[in-house]
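Chemist: Got a predicted structure plus its sequence, pasted below:
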Amino acid sequence: MVDIVIIGGGPAGYISALKAAKLNKEVVLIEKDQLGGTCLNRGCIPTKSLLHASHKFNELSKSEFFGISINEATVDYTKIDEYKNSCVTKLKIGIEGLLKNAKVRVIKGNGKILSNSEVEVNDEIISASNILIATGSKPRVLNIKGIDKEIVVTSNHLLNEFKEVDKIVIIGGGVIGVEFATIYANLKKDVTIIESCDLILSTLDKEISNNLAMQLRKAGVKIKLKATINEIVDNGIIVNDELIEADKILCAVGRTSNTENLFDNKLIDVNNGSIVVDDNFKTNLENVYAVGDCIKGIQLAHYASACGLYVIENIFKGSSSINLNNVPACVYTNMEIAEVGINEKAAKEKGIDYKVGKFSMLSNAKSVVSNSDRGFIKVISDSNNIVIGASLMCDRASDIVSIFTNAINNKSTIDSLTDTIYPHPSFSESIVEALEDTSKQALHVIYR
Ligand code: FAD
């Protein structure tokens, strides 16, 4: 009997496998497709490669500003695709090496849970003291007329082989939607986002949503808010009774959990397609846990990994100190976006008395040198001057946000963060100005 069988080799599964192996446990990891899961093969890494390549192309058109002239830059889609694949391959080789060195037994095949201590894969039955489900998710398909037409694609299709698309309509103004819009807009393609809410990225700070919409529109992206889709036709999509012609329609409206062929009917509780777990990620079956995209909640790679580590530490060490309540979220548009903790909207909704300090990156030296678009850093603190949230829209936001994640974890005060020296010139130095601005602002008292 092995100590743990993990089903799914994405960021939840393989990170958990490595952690359990580090704790000297015998681990079996089952993956039916590719190690790295959605994140490495169809998600984070391919999109970030395409964002990087398309951003380079877009930057070339602005190089005159820096005194550099280029006759005509061209795009080779086959080479971009090769570059994207090479990033994926390098990282996959890395994961394979780590698992091999850690002596994790990796089995390629579909894992099926037979009981709380048995998993079947390729006609072999593996007995285990614990089972961790980390089977991830797949794109959700909208239930609208014409959705099965050839013109409709998901992120999986677009990332599998990156090809030129002249006119694209993106259904969904969430993270995946705006990242794809950025890729095609950078490549000077005709892009339309269709969003049913009155904002894109509607869960983030409102100023971020509006600023991003402004920047995308400036780049030529058409954004249709509060839109109602009538149907999809062979040459486009009918929205608010108007035809928008397209070569491809990307359906980017969220994801659903992978549970098919994982167990026979009703062995494990599922609600709305997601595996049901308690606060410690336990399913209804004793010693069977589930983490990552296959359960309800935040669908981010680093959160999936963190939850996996939490479960492994709880099982094999009896406790875990990982803080799962403080999850940074990033959007890799040309000007990066990042949030952690509570944003202004959430503070109001939760009835928390708060202060908000803000600094415009127009006065940040590194932003001026880089000729960056208009960005800002916002810090939210509570009535005791403890940092409780940050919303960033600026270059390197995905890196700078870690300063705030740490601060929130450590319950740092505004003063303790401003007592630190930040390098000059740097994008991160502007957090001091945003922090200091909170002391000039009145406390927003939420009357209850
Ligand atoms: P997955 O990564 O989906 O891995 C699950 C694995 O389980 C898969 O490899 C699957 O083949 C395998 N599997 C399923 N069923 C079985 C079975 N029965 N037996 C064996 N194996 C099985 N997140 C970020 O944090 N940052 C980003 O920038 C980001 N960008 C994204 C861009 C896109 C286009 C998409 C789609 C997602 C993005 N995400 C991003 C989300 C991120 O990819 C997921 O949150 C993350 O991959 C979830 O990890 P997971 O391990 O739970 O599942």
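Modeler: That came through, no problem. These numbers come from a predicted model, not from an experiment.

Chemist: For the stretch 301-448 of the chain, just list every one of the strands.
Modeler: With strands called from DSSP state E, counting those that start in this stretch, the stretch 301-448 of the chain shows them at 329-331, 337-341, 354-360, 376-382, 387-393.

Chemist: winner for burial among these?
Modeler: The highest mean neighbour count among those, using mean count of other CB atoms under 10 Å, belongs to strand 387-393: a mean of 28. Bear in mind the C-beta positions are built from the backbone N, C-alpha and C, glycine included.

Chemist: May I have the strands that pair with it, each with its orientation?
Modeler: strand 337-341 (antiparallel), strand 376-382 (antiparallel) (DSSP bridges).

Chemist: In CSV: the ones you listed, plus distance to the ligand and mean pLDDT.
Modeler: Below are those laid out as CSV (distance: least, CB to the nearest ligand atom, whole Å; pLDDT from 0 to 100):
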stretch, distance to the ligand, mean pLDDT
strand 337-341, 11, 98
strand 376-382, 21, 97
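
Chemist: Tell me both backbone torsions, phi and psi, for Lys62.
Modeler: phi -110, psi 10 (degrees, to the nearest 10).

Chemist: residue contacts, it?
Modeler: Residues counted as contacts of Lys62 (CB atoms under 8 Å, 6 or more residues apart in numbering) are Asn371.

Chemist: next one: Lys163
Modeler: Lys163 neighbours (CB under 8 Å, 6+ apart): Tyr77, Asp81.

Chemist: what about the spatially closest residue to Ser391 that is not a sequence neighbour, distance to the ligand?
Modeler: Spatial nearest neighbour of Ser391, chain neighbours left out: Asp205 (3.8 Å); criterion: CB to CB, 6 or more residues apart in numbering. Distance of Asp205 to the ligand, computed by CB to the nearest ligand atom, to the nearest Å: 18 Å.

Chemist: quick one: contacts for the nearest residue to Thr182 once chain neighbours are set aside?
Modeler: Once flanking residues are discounted, Thr182 sits nearest to Thr333: 4.9 Å by CB to CB, 6+ apart. Listed by CB under 8 Å, 6+ apart, the contact set of Thr333 reads Leu51, Val178, Glu179, Thr182, Leu212, Gln215, Leu216.

Chemist: Let's have these in TSV, adding pLDDT, distance to Tyr83 and neighbour count.
Modeler: Formatted as TSV, these follow (pLDDT from 0 to 100; distance: CB to CB, whole Å; neighbours: other CB atoms under 10 Å):
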residue	pLDDT	distance to Tyr83	neighbour count
Leu51	98	12	19
Val178	98	22	28
Glu179	98	17	20
Thr182	98	17	27
Leu212	97	26	27
Gln215	97	25	19
Leu216	98	24	22
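
Chemist: The stretch 151-300 of the chain: strands as residue ranges?
Modeler: Applying DSSP E, counting those that start in this stretch to the stretch 151-300 of the chain gives strands spanning 152-153, 167-171, 190-194, 222-224, 229-233, 236-239, 242-245, 248-251, 255-257, 270-271, 274-275, 288-290.

Chemist: Which one, of the ones you listed, ends up nearest to the ligand?
Modeler: The minimum distance between the ligand and the strands of the stretch 151-300 of the chain falls on strand 255-257, with 6.5 Å, by CB to the nearest ligand atom.

Chemist: Give the buried residues for that closest one.
Modeler: Arg255, Ser257 (16 or more other CB atoms under 10 Å).

Chemist: Show the low-confidence segments of the chain, by residue range.
Modeler: Scanning the chain for pLDDT under 70 picks out 446-448.

Chemist: what about the helices in it?
Modeler: Remark: helices assigned in the chain by DSSP state H are 11-22, 37-42, 44-60, 77-101, 155-160, 175-186, 206-218, 301-317, 344-350, 365-369, 397-409, 414-418, 430-440.

Chemist: Next, the buried residues of the third one.
Modeler: Read that as helix 44-60. Taking 16+ other CB under 10 Å as the criterion, helix 44-60 shows 44-47, 49-55, 58-59 as buried.

Chemist: Give the other helices and strands that that helix contacts.
Modeler: Contacts defined by 3 or more CB pairs under 8 Å, 6 or more residues apart in numbering; DSSP states H and E place helix 44-60 against helix 77-101, helix 155-160, helix 175-186.

Chemist: Distance to Ser319 for these - can I get that in JSON lines?
Modeler: Below are the helices and strands packed on helix 44-60 laid out as JSON lines (distance: least, CB to CB, whole Å):
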{"stretch": "helix 77-101", "distance to Ser319": "25"}
{"stretch": "helix 155-160", "distance to Ser319": "37"}
{"stretch": "helix 175-186", "distance to Ser319": "33"}
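
Chemist: To the ligand, which of these lies closest?
Modeler: helix 155-160 (3.9 Å).

Chemist: In the closest one, which residues are buried?
Modeler: For helix 155-160, the neighbour count (16+ other CB under 10 Å) marks Ser155, Leu158, Leu159 as buried.

Chemist: Which residues of the chain lie near the ligand?
Modeler: Neighbours of the ligand within the chain, by CB under 6 Å from any ligand atom: 7-13, 30-33, 37-39, 42-44, 47, 110-111, 134-137, 155, 176, 258, 261-262, 292-293, 299-302, 304.

Chemist: Which residue, neighbours along the chain excluded, lies closest to Glu245?
Modeler: Excluding its sequence neighbours, the residue lying closest to Glu245 (CB to CB, 6+ apart) is Gly236, at 4.2 Å.
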